[in-house]
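Peer 1: need coordinates for the below:
(chains A and B)
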Amino acid sequence: MSASYAPAMAVLWPCVADRPPAEAVAPASRAEAAVEVARALRHGLGIVPVGAGTRLAEANLMRGVEWLAVDMTRMDRVLAYSPDDMTVVVEPGVTAEALQAVLAEAGQFAALGLASGRGETVGGLIAANAQGRRQCAFGLPRDQLLGFRAALSTGDEVRFGGCTVKNVAGYDMGKLYCGSHGTLGLITELTLRVRPLPSVRSTLSLAGPGLGDTLSAGMALHLARLLPTGLVATFGAGCALTVEFSGSHETVAWQLEQARRVSAGYGLQTEAAASVDPSPPAVPDPGVAWLRAATVPTAIEGLCRALEPCLSRAVAHIAAGLVEAEVTLAEPLNDLERRLFAAGCSHLRWTRLPQSERATRDAWRLPAAQLPLMRAVKGALDPAGAFGPGRFAGRI
Amino acid sequence: MLRADQVLTDSVEMLAYECDAYTIHKGRPDVVVHPESTEQCAAVVRLCARMGVPFTPRGTGTGLSGGATPLYGGVVISIMRMNRVLSISPADLRLRAQAGCINSTITRAVAPYGLHYAPDPSSQTACTVGGNVAENASGPHTLKYGVTANHVTALTLVLPDGSVVELGSDADEPCGYDLVGLLVGSEGTLGIVTEVTVRLTPNPREVRTLLAVFGSVDDASRAVSRIIAAGIVPCALEMMDSMIINALEDAFAMGFPRDAQALLLVELDGLGPGLDAETADVSDLCAEHNARSVTAAASEEERARLWFARKQGVGVLGRVAPNKVTQDGVIPRSLLPEVLARIRGIAESHSVRLCNIFHAGDGNLHPCVIFDERDADELRRVLVANEEILRLCVEVGGSITGEHGVGVEKRDAMPLMFSEADLAAMRRVKSAFDPAGLCNPGKIIPGPSAEAAPP
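Peer 2: Predicted structure coming up:
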C-alpha cells in the first residue's frame, strides 16, 4: 500500500471488503488510471474506485477477493468550462465544493453535492447517484451527467454521451453508471450540465408538534404548486419542516409568503435555526443501521409511521418521495422491511449496516425479477468481473 | 393468439409500414400485427424468438430516423391499439399508460388537475409515449423541463425472448442499475415497451410568449447566445428562418413579415412575480441584437397561434418540395452564429435547398433539406450535404442527434462520435438483452452485428 494513501484506507477498508486492499494507488491522470486498471487485471485483482470514501459502506461487502483500491482524489482538475454553453468537464476526483467554487465565479452551479460539505467528490456523487434536499427541483446526479469516460475491464477506455445538453446518439450508458457504485468500470472524466445561480436562496424552517402535523404541512406545501428547491421534514430530537426557495428576489419573497400561509393552521412554529439533514457517517456505527426508502409523496407518512418504533432520526424528502433514516436494531430488520413495503415503499437500500449484518444482508431490496438483466448488464460492461465483484445489488 | 383483424398480410396494406417519417430507407414487412395487451405482444415476440424471425416495434410511425423501419422484413409489431391511460395519481404527479397512448392524450387526461406531460415533440398529437420512450423524444419545452428520460420512472418491457419484466417504480429514484434510464432512447432495440409510468408537471401559473423579428440569422443567433449567457432559462427558445416563414405565410397567412430572415419564439413561465421583469430583459436583449420588433402574445389565442406556426413549420415544407430530410445535430450553443453560417455554406456548395427551424436554446439544430427524390443527382447532393453537416456538428463538439435518434439514418455516422471500443460496448449491451439479434436489427450500432442479416 503506497504510504500517502494508506491512512484513509486503513480506516475505510472494512466498508469495502472482508480484507484490506492488496494495494492502494492514486493515479493523477487518465493514462495513469488506465495503467493501474491494466495492472490489476493482469494480477487478477478486484478494483474499487475510492473518492472521499463517504459512501463506500453503501454497497455490499466484497468477500474473498484480493483487491486494488484506486484513490481518485489526485484526479481533481476542472478540465474545460464553458459558461456560455453551461457545461463543464471535470476529473472525477474534484470535490463538489471545489467545482462549485469555480462555477460560482461565472454565476453558475452544478446541481450536485450541494449540501454535502463532507469533501465528497463529483465522481463519488455520480457513482452513488446521491443528491440531497434539492432533488425535488433539480433531479438526481443522473439528470446532470451529459457524458463520461471510463476504463473498462476489457482494457479499453470508452467514452459515452457527449458535451451538449441534448444528445441521443447511442445508448444512454451514463444512466447505468450513475448509482453503479464503481461496479461497471473506473470513471475517469465527467461532463456535467450547469445552471445559473439564483440571485436569492431562502429557507423557512418550522418546528412541528409531531410527525403527523409536520408531514401534513409538508404535503400541503407539496400540493400548493410552489417551486421549492427543497422540501424536507426531519425527525429526531423533535420534528421540523424546512422549505427552501431560490430564484429572483420577488419570486422567493412571494413563495415564502405563500408557504407561511399554507403551513399556518398545522401548529408549526417558526424556528430560529435551520435544520440540518441527518446523514450517515462514512464508517457505520455499531448498533444502528441507515436506510433509504423510495416511494411517492402520498406514501411518505405511511413510511414514517412504519419506521416510528425503531426510528432514531430521519429526513423525509416529501416532494422527491424519499426517506433516509437511522434505525435502531431493536427488532429484526426483516420485520421493518416488511412493514415498509406494506406501507408503500417501492424499493429500499440499507446504506449503513452493522458489520454483523453486512455479510448476510443484501444492501439493495429491489424486485428480484430485475436482477437477471442487471447481471447481464454487468457482464456486458465489466466482462472480466473486475470492478467490485459482489458489491452491487444481488451481490452482482 | 390474435384475431384476424389484428394481423395484416396484404402487401398493399403493409406499404404504410415500410418506413416511418424518414423515407429514404425502406423495408418490406412480412406481416404486421396489432397486439392489444402486453400478453399478446409477448406471445408474438415469443413466436418470433422460437422461429428466428426479426421483429420491429412501431408506434405511429412519426419517427424521423427510420427506427420503425423493418430493415430485414419479419414482423412489425404495432403498439397503436394499446392506447389507454391506465391510472393517474395527481398528488404524486404520476400517470401510467399503455405505450401506444398518444403523447397529447396524456396532457389532455391530466389537464383537469392543472398538470401536463412536459416532453412535447412537434408530432405530439400523433406520436405515442412508447415511441417517445424509444427515441428519448423532446420538444421546445425541453429547454427548461428536460427530455423524456427525465420524465419516465417505470416501464413494462417485453424482452426479445418474449418474457415480461417490470422495470423501475413509481418512485423518483432508480434502484440498482438504472435500466429504465438505459431503455429510454434505446430505439426499440432492447425489447418492446408496452406500459410507461410518466412524471407529470404542474402547469405554470403564468406564461409570457414573445415573437422577435430579425433581419439576419446572425443577429437572431447572437441574441439566443446572449439570453442563455445572461442566466435566463426560458421554457422555450425557438428559431425559424426565412424559407419557413414564407412557407407558413403561403399556407396559413400568419401575418409574419415575409422579408424577415429569422423569427425567435421565446417563452418564459413561472409563478408570476418577477416574470414581467425577466420578459423585459429578454425583449431588451433581442433589441440590443437588432431585432426589428419584439411583440408579446396578448392572449392565449395569440400564443396558441404562434405555437401552431412553430409546430407546423416542418410539415408545411411539403408545399415547397415533395421530399425533405430533417437533420437533428446538436452543437454547443455558444457556437450557433458560426455553425449556422457554415451550414449555409455547405448547402450552397452542394446546391441544395436548406432551411432552419430549431430549438435554438439547447443548440439542437434542425437543418431541413428539401428535395425531389425522383431527381437522382439532387438526392445524391442532399446525402453528401447531410453528412457534411453531421461532421461539422461533431467537429465543433456536438452530436449527430439531439432528439430524433440514430435509427438507420445515422447508424453509419456513429463512428464520427464513438470509437470502436465504445461501439463494441454498446453491442455487448444489446446482446445482453437480445442475444439472438432479432429485436429491431440494423439500428443504432454500425458494424458486423448491424450489417449481417439476422438468422
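Peer 1: wait, what's in contact with the nearest residue to B:N83 once chain neighbours are set aside?
Peer 2: Distances taken as CB to CB, 6 or more residues apart in numbering or on different chains put B:G100 closest to B:N83, at 4.2 Å, once the chain neighbours are dropped. Just so you know, the C-beta spots here come from the backbone N, C-alpha and C atoms, and that holds for glycine as well. By CB atoms under 8 Å, 6 or more residues apart in numbering or on different chains, the contact list for B:G100 reads B:G59, B:T60, B:S78, B:I79, B:M80, B:R81, B:M82, B:N83, B:T128, B:V129, B:G130.
Peer 1: go with 6 Å
Peer 2: By CB atoms under 6 Å, 6 or more residues apart in numbering or on different chains, the contact set of B:G100 is B:I79, B:M80, B:M82, B:N83, B:T128.
Peer 1: B:G447: neighbouring residues, count only.
Peer 2: 16 (other CB atoms under 10 Å in any protein chain shown).
Peer 1: who's in contact with it?
Peer 2: By CB under 6 Å, 6+ apart, B:G447 has no neighbours at all.
Peer 1: which pLDDT does the model give it?
Peer 2: Model confidence at B:G447, given as pLDDT, is 79.
Peer 1: how near is it to A:R305?
Peer 2: 55 Å (CB to CB, to the nearest Å).
Peer 1: what are the ranges of the helices in the stretch 101-250 of chain B?
Peer 2: Under the criterion DSSP state H, counting those that start in this stretch, helices of the stretch 101-250 of chain B are mapped to B:103-110, B:129-135, B:142-145, B:179-183, B:217-229, B:242-252.
Peer 1: of all those helices, which one is nearest A:L373?
Peer 2: Distance to A:L373, taken as CB to CB, is lowest for helix B:179-183 among those, at 5.9 Å.
Peer 1: what about the chain, any weak spots by pLDDT?
Peer 2: If you meant another chain, say so; for now it's chain A. Counting by pLDDT under 70, the low-confidence segments of chain A come to A:1-7, A:115-117, A:271-274.
Peer 1: can you look at chain B instead?
Peer 2: B:448-455.
Peer 1: pick out the residue of it closest to chain A.
Peer 2: Nearest to chain A, among the residues of chain B, is B:G181, at 2.6 Å (CB to the nearest CB).
Peer 1: ok, that residue touching A:K175?
Peer 2: Yes. The criterion here is CB atoms under 6 Å, and B:G181 meets it with A:K175 at 2.6 Å.
Peer 1: who has more neighbours, the two?
Peer 2: B:G181 (29 against 26).
Peer 1: contacts only, for the more buried one.
Peer 2: Going by CB under 6 Å, 6+ apart, the list of residues near B:G181 reads A:K175.
Peer 1: one step back: turn the helices of the stretch 101-250 of chain B into CSV, including distance to B:G405.
Peer 2: Supplementary listing: the helices of the stretch 101-250 of chain B in CSV, determined by distance: least, CB to CB, whole Å:
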stretch, distance to B:G405
helix B:103-110, 16
helix B:129-135, 4
helix B:142-145, 15
helix B:179-183, 13
helix B:217-229, 25
helix B:242-252, 23
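Peer 1: tell me which of the ones you listed sits most buried.
Peer 2: Greatest average neighbour count among these goes to helix B:129-135 (a mean of 31), per mean count of other CB atoms under 10 Å in any protein chain shown.
Peer 1: tell me how far that helix lies from the chain's centre.
Peer 2: 9 Å (CA atoms, centre = their mean, to the nearest Å).
Peer 1: mind giving me the packing neighbours of that helix?
Peer 2: Counting contacts by 3 or more CB pairs under 6 Å, 6 or more residues apart in numbering or on different chains; DSSP states H and E, helix B:129-135 packs against strand B:192-199.
Peer 1: ok, residues contacting the strand it packs on?
Peer 2: Residues contacting strand B:192-199 (CB under 6 Å, 6+ apart): B:38, B:41, B:57, B:93-99, B:117, B:129-130, B:133, B:151-158.
Peer 1: tell me which parts of the stretch 1-150 of chain A are close to chain B?
Peer 2: A:D84, A:D85, A:G107, A:D143 (CB under 6 Å from any CB of the partner chain).
Peer 1: what secondary structure does the residue lying closest to B:A247 once chain neighbours are set aside sit in?
Peer 2: Spatial nearest neighbour of B:A247, chain neighbours left out: B:V316 (4.6 Å); criterion: CB to CB, 6+ apart. Following DSSP: H, G, I helix; E, B strand; the rest coil, B:V316 is assigned to helix.
Peer 1: would you mind measuring from B:V316 to B:R303?
Peer 2: According to CB to CB, B:V316 and B:R303 sit 19 Å apart.
Peer 1: how about A:A101?
Peer 2: 41 Å.
Peer 1: mind checking which of those two has more residues around it?
Peer 2: B:R303 (18 against 11).
Peer 1: helix or strand for that one, which one?
Peer 2: helix B:300-312 (DSSP states H and E).
Peer 1: what angle do helix B:242-252 and that helix make with each other?
Peer 2: 120 degrees (axes from the mean of the first three to the mean of the last three CA atoms, to 10 degrees).
Peer 1: elements contacting helix B:300-312?
Peer 2: Short answer (3+ CB pairs under 6 Å, 6+ apart): helix B:300-312 packs on strand B:206-214.
Peer 1: and the strands in the stretch 51-200 of chain B, which stretches?
Peer 2: B:55-58, B:75-78, B:85-89, B:94-98, B:115-116, B:152-158, B:164-168, B:192-199 (DSSP state E, counting those that start in this stretch).
Peer 1: the longest one pairs with which strands?
Peer 2: Think strand B:192-199. Strand B:192-199 has the following strand partners under DSSP bridges: strand B:94-98 (antiparallel), strand B:152-158 (antiparallel).
Peer 1: repeat for the shortest one
Peer 2: Strand B:115-116 has these partner strands in its sheet, going by DSSP bridges: strand B:201-202 (antiparallel).
Peer 1: check the third one too.
Peer 2: Counting by DSSP bridges, the strands paired with strand B:85-89 are strand B:94-98 (antiparallel).
Peer 1: tell me how far the partner strand lies from the chain's centre.
Peer 2: 20 Å.
Peer 1: do the same with stretch B:198-215
Peer 2: 19 Å.
Peer 1: pull out the buried residues from that stretch.
Peer 2: B:198-202, B:204, B:207-214 (16 or more other CB atoms under 10 Å in any protein chain shown).
Peer 1: would you turn the residues you listed into JSON lines with distance to B:V352?
Peer 2: Compiled in JSON lines, those are given as follows (distance: CB to CB, whole Å):
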{"residue": "B:V198", "distance to B:V352": "39"}
{"residue": "B:R199", "distance to B:V352": "41"}
{"residue": "B:L200", "distance to B:V352": "42"}
{"residue": "B:T201", "distance to B:V352": "39"}
{"residue": "B:P202", "distance to B:V352": "44"}
{"residue": "B:P204", "distance to B:V352": "40"}
{"residue": "B:V207", "distance to B:V352": "37"}
{"residue": "B:R208", "distance to B:V352": "37"}
{"residue": "B:T209", "distance to B:V352": "33"}
{"residue": "B:L210", "distance to B:V352": "32"}
{"residue": "B:L211", "distance to B:V352": "29"}
{"residue": "B:A212", "distance to B:V352": "28"}
{"residue": "B:V213", "distance to B:V352": "26"}
{"residue": "B:F214", "distance to B:V352": "24"}
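Peer 1: hang on, the earlier thing: tell me the most buried of the strands of the stretch 51-200 of chain B?
Peer 2: strand B:55-58 (a mean of 28).
Peer 1: follow-up on the earlier one: residues in contact with the following helix or strand past the helix holding B:R303?
Peer 2: Scanning forward in sequence from helix B:300-312 by DSSP H and E, the next helix or strand is strand B:323-326. With CB under 6 Å, 6+ apart as the test, strand B:323-326 has contacts from B:L64, B:V314, B:L317, B:H366, B:C368, B:V369, B:I370, B:F371, B:E373.
Peer 1: do the helix or strand that strand B:323-326 is followed by and chain A come into contact?
Peer 2: Going down the chain from strand B:323-326, the next helix or strand is helix B:336-349, by DSSP H and E. No. Residues of helix B:336-349 are not located near chain A by CB under 6 Å from any CB, the shortest gap being 10.2 Å.
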